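[1] Just to be clear, the model below is a prediction. Sequence and coordinates:
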Amino acid sequence: MNEEKNIRELHYRFCIDSYAERNVRPATIKGYKSGLDQFLKHACIENINEINSDKLRSFLCDGRIEKGWTPETFRFYYIALKPFFLWCIRRGYIENNPLEEIEMPRRGKKLPKRITKEEAMRLLEYSFNIRYTYRFERYRNRAIIATFIYTGIRSQELLNLKLGDVD
């Protein structure tokens, strides 16, 4: 196990490794940084060996209870911190993942927001009337959008749709 190491310095190296070796997108790295910044602000710690499950649980539970985080916000911070701790384990900075003892809350089951009939008609009209290079694109795009609107099918399901699947 290594001597005391500054968390921000380690996290900076983690972000560089994530981008260079794992091809993590800049937006994901921004989420990693945001998650760690909020945790460090709450826990008031600087060295990696000061991190433990109790401090993480305090951060996540205080956010959920006192700040009114949704389960999705809780999951965001959990997911933003987890890869960093796994990286620290592989590099020998910590022995075990302090998030292991903390469960993620289940996601809320929300239905997608519905559009009105007028919005659906405007969307279909717009997709039909914009300028296309080829005439078939106008009919294809209108059919795709109408299928999404009237069936609720997901994009991957539409891509895998076969003629025999349609009644």
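    Here it is on my side, so go on. Keep in mind the model is a prediction, meaning the values are calculated, not measured.

[2] what packs against the host helix or strand of residue 30?
    Counting by DSSP states H and E, the element that carries residue 30 is helix 26-43. Identification of packing neighbours for helix 26-43 by 3 or more Cβ pairs under 8 Å, 6 or more residues apart in numbering; DSSP states H and E yields helix 7-22, helix 53-65, helix 71-91. C-betas here are computed from N, CA, C, even on glycine.

[3] quick one, which of these is packed in tightest?
    When these are scored by mean count of other Cβ atoms under 10 Å, the highest mean neighbour count falls to helix 71-91 (a mean of 17).

[4] what's in contact with it?
    Contacts with helix 71-91, where a contact means Cβ atoms under 8 Å, 6 or more residues apart in numbering, come from 10-11, 14, 17-18, 31-32, 34-36, 38-39, 48, 51, 56, 59-60, 63-64, 94-99, 102, 104-108.

[5] mind checking pLDDT for the residue of the chain positioned farthest from its centre?
    Distance from the C-alpha centroid of the chain, by Cα atoms, centre = their mean, peaks at residue 135 (38.2 Å). pLDDT for residue 135: 88.

[6] same thing with residue 104?
    For residue 104, pLDDT reads 84.

[7] How about the contacts made by it?
    Residue 104 sits next to 74, 75, 78 when contact means Cβ under 8 Å, 6+ apart.

[8] Pretty sure residue 54 is one of the things residue 99 touches, is it not?
    No - with contact defined as Cβ atoms under 8 Å, residue 99 does not count as touching residue 54 (11.9 Å).

[9] Good, wrapping up.
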